[in-house]
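> have a look; sequence and predicted model below, questions after that.
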Amino acid sequence: MSKKLYFECTSGISGDMTVAALLDLGADREVLARALESLPVKGYRFEISRVKKAGLDACDFSVILDHGHENHDHDMEYLHGNSPIQDDGEGEEEHRHTHEHRHLADILRIIACGDMTEGARKLAQNIFGILARAEAKAHGVELEEVHFHEVGAVDSIVDIVAAAVCLDNLGIGDVVIPVLHEGRGTVRCQHGILPVPVPATANIVSEAGLKLAIMETEGEFVTPTGAAIAAAVRTEETLPKAFCILKIGLGAGKRSYERPSLLRVMILETQEEERTDRIVKLETNVDDCTGEMLGFVMEKLMEAGARDVHYTPVFMKKNRPAYQLNVICTPELTKQMESILFSETTTIGIRKMEMERAVLDRETRSVSTIYGKAEVKICRGGGVEKWYPEYESIAAICREQGISLAEAYHEVIEAAKRERQKEI
């Protein structure tokens, strides 16, 4: 048997809805509180409660900001342009409160200070990286020049870190998100009144190949934060043919539309069978690229969502030394990967082939070692079970304890075996 998370986004997705649904599923509240309280961020407190939405009992995760950090995110009149605003003399609409504008590097430093697992930290950093690329594209600036407004405000930093910590704590690596349902019309943001989906959300959906369904209801149901979370965690877009629902988490949103803002996340259990998916393999030969260029293009391809990138030394006609560059990606990301290869290498042609592959089910779990917690990846299928320590956890232990990688690796493997023995 294997487990999956299923995000049913029929009323969109946002950061607070995601956190609430995951807490309702059983994510550890103490682990979350410890992580959030360790962040070097001021101007807020958070509350976890139960609320009624359309008569349904749901979990609510609220980030309560002080006066200086309020961002009108849940003020429906402000969002739809009906409340009084101030004009700066140049036609620009201004918030009544001052926002703390942060660059991506500032936010990554905040996340680095948090008391969380390496898996949670890496996920939070990935979510913000997705947001940064979307904002950079929307404003036509370089990544390091992006100033975060709504997505960089205190509540969104908290929402994203909280979502990453809760997802990591549940320890289920397979996430099914078939489609995001979005509204129509306009919404007010830092840059004025914009069409729905707002540019950052549209860029994320486009880059990640997420499917979008537009509803008749007016309003913003998919926030940039929610879209970035979905892009970072989705591993599948098709529900299994048959499954059991082990648990249901219902997360409430704050905005009030005709359709209630509710996110339902379920833990599914499926019968173990050979798991297959479709992937695309891209390959090209280059004989006039430097090693630095190849290293840089590998980073860009992986950041854009490639499953794997590798290059192999080859000899071409006239015995010229060269490299064969190979990229593995999902079919939805093929065009994006090709664009990166054409822009960042000297290639003038790319071979591609779509194929089916058999894969093992995967799960990430935290185990207790004599050096503290460590993350391991568990792969199962066809009567096989394999445990692999996550490199970042091993490296962290080595740095903290002053031991070799081999020693740390051995201890984590032994801890994983002990955990497995308890289960048996």
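Done, it's in.
> pLDDT score assigned to residue 148?
At residue 148, the pLDDT value in this model is 69.
> how far away is residue 160 from residue 193?
From residue 160 over to residue 193 the distance is 25 Å, taken as CB to CB, to the nearest Å. (C-beta placed from N, C-alpha, C; glycine too.)
> now swap in residue 397 and tell me
Distance of residue 397 to residue 193, given as CB to CB: 51 Å.
> and the two? which has more neighbours close in?
residue 397 (25 against 13; other CB atoms under 10 Å).
> which SSE is immediately downstream of the helix or strand that one falls within?
Assigned by DSSP states H and E, residue 397 belongs to helix 391-401. Counting by DSSP H and E, the element after helix 391-401 in chain order, helix or strand, is helix 405-423.
> list every C-alpha atom in that following helix, with coordinates, as PDB.
Output of helix 405-423 as PDB, limited to C-alpha atoms (Å, rounded to 0.1, in the frame of the first residue of the first chain):
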ATOM      1  CA  LEU A 405      30.200  11.900   5.700                       C
ATOM      2  CA  ALA A 406      30.700   8.100   5.900                       C
ATOM      3  CA  GLU A 407      30.200   8.100   9.700                       C
ATOM      4  CA  ALA A 408      27.100  10.200   9.500                       C
ATOM      5  CA  TYR A 409      25.700   8.100   6.600                       C
ATOM      6  CA  HIS A 410      26.300   4.900   8.600                       C
ATOM      7  CA  GLU A 411      24.500   6.300  11.700                       C
ATOM      8  CA  VAL A 412      21.400   7.500   9.700                       C
ATOM      9  CA  ILE A 413      21.200   4.100   7.900                       C
ATOM     10  CA  GLU A 414      21.300   2.300  11.300                       C
ATOM     11  CA  ALA A 415      18.700   4.700  12.700                       C
ATOM     12  CA  ALA A 416      16.500   3.900   9.700                       C
ATOM     13  CA  LYS A 417      16.900   0.200  10.200                       C
ATOM     14  CA  ARG A 418      15.800   0.600  13.900                       C
ATOM     15  CA  GLU A 419      12.800   2.600  12.800                       C
ATOM     16  CA  ARG A 420      11.900  -0.100  10.300                       C
ATOM     17  CA  GLN A 421      12.300  -2.900  12.900                       C
ATOM     18  CA  LYS A 422       9.800  -1.100  15.200                       C
ATOM     19  CA  GLU A 423       7.300  -1.100  12.400                       C
END
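> buried stuff in that helix?
For helix 405-423, a neighbour-count test (16 or more other CB atoms under 10 Å) marks 408, 409, 411, 412, 413, 415, 416, 419 as buried.
> report the rounded mean pLDDT for it.
What helix 405-423 shows for mean pLDDT is 86.
> quick one: that helix to helix 391-401, angle?
120 degrees (axes from the mean of the first three to the mean of the last three CA atoms, to 10 degrees).
> hmm, who's touching helix 405-423?
365, 367-371, 374, 376, 385, 387, 389, 393-395, 397-398, 401 (CB atoms under 8 Å, 6 or more residues apart in numbering).
> and if we set it to 10 Å?
Residues outside helix 405-423 that contact it (CB atoms under 10 Å, 6 or more residues apart in numbering) are 365-371, 373-378, 385, 387-391, 393-401, 403-404.
> about what we covered before: which other helices and strands contact the helix holding residue 397?
When contacts are defined as 3 or more CB pairs under 10 Å, 6 or more residues apart in numbering; DSSP states H and E, helix 391-401 packs onto helix 118-139, strand 361-369, strand 372-381, helix 405-423.
> what angle separates the following helix or strand past the longest one from strand 372-381?
Read in the C-terminal direction, the helix or strand following helix 118-139 is helix 154-170, with elements assigned using DSSP H and E. Calculated by the same axes, to 10 degrees, helix 154-170 forms an angle of 60 degrees with strand 372-381.
> and helix 154-170, how far out from the chain middle?
Mean-position distance between helix 154-170 and its chain equals 10 Å (CA atoms, centre = their mean, to the nearest Å).
> which other helices and strands does the longest strand anywhere in the chain contact?
For the chain, the longest strand by residue count, based on DSSP state E, is strand 275-286. Counting contacts by 3+ CB pairs under 10 Å, 6+ apart, strand 275-286 packs against helix 291-303, strand 308-315, strand 321-329, helix 334-344, strand 351-359.
> which positions in that strand come out as buried?
275, 279, 280, 281, 282, 283, 284, 285, 286.
> the third one contacts residue 353, correct?
Yes - taking CB atoms under 10 Å as the contact criterion, residue 280 and residue 353 are neighbours in contact, 7.1 Å apart.
> returning to that earlier point: in the helix holding residue 397, what's buried?
Neighbour-count burial for helix 391-401, counted by 16+ other CB under 10 Å, picks out 393, 394, 396, 397, 398.
> now stretch 365-381, how far from the centre of its chain.
On CA atoms, centre = their mean, the centre of stretch 365-381 falls 21 Å from the chain's centre.
> quick one: terminal-to-terminal distance for it?
17 Å (CA to CA, to the nearest Å).
> buried sites along that stretch?
The neighbour-count check on stretch 365-381 (16+ other CB under 10 Å) flags 365, 366, 367, 369, 371, 374, 375, 376, 377, 378, 380, 381 as buried.
> got JSON lines for the residues you listed, with pLDDT too?
Formatted as JSON lines, these follow (pLDDT from 0 to 100):
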{"residue": "365", "pLDDT": "84"}
{"residue": "366", "pLDDT": "87"}
{"residue": "367", "pLDDT": "88"}
{"residue": "369", "pLDDT": "90"}
{"residue": "371", "pLDDT": "89"}
{"residue": "374", "pLDDT": "90"}
{"residue": "375", "pLDDT": "90"}
{"residue": "376", "pLDDT": "91"}
{"residue": "377", "pLDDT": "88"}
{"residue": "378", "pLDDT": "86"}
{"residue": "380", "pLDDT": "79"}
{"residue": "381", "pLDDT": "77"}
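> now those as JSON lines including distance to residue 265?
Listed next are the buried residues of stretch 365-381 as JSON lines, based on distance: CB to CB, whole Å:
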{"residue": "365", "distance to residue 265": "19"}
{"residue": "366", "distance to residue 265": "20"}
{"residue": "367", "distance to residue 265": "25"}
{"residue": "369", "distance to residue 265": "30"}
{"residue": "371", "distance to residue 265": "33"}
{"residue": "374", "distance to residue 265": "26"}
{"residue": "375", "distance to residue 265": "22"}
{"residue": "376", "distance to residue 265": "24"}
{"residue": "377", "distance to residue 265": "22"}
{"residue": "378", "distance to residue 265": "21"}
{"residue": "380", "distance to residue 265": "22"}
{"residue": "381", "distance to residue 265": "24"}
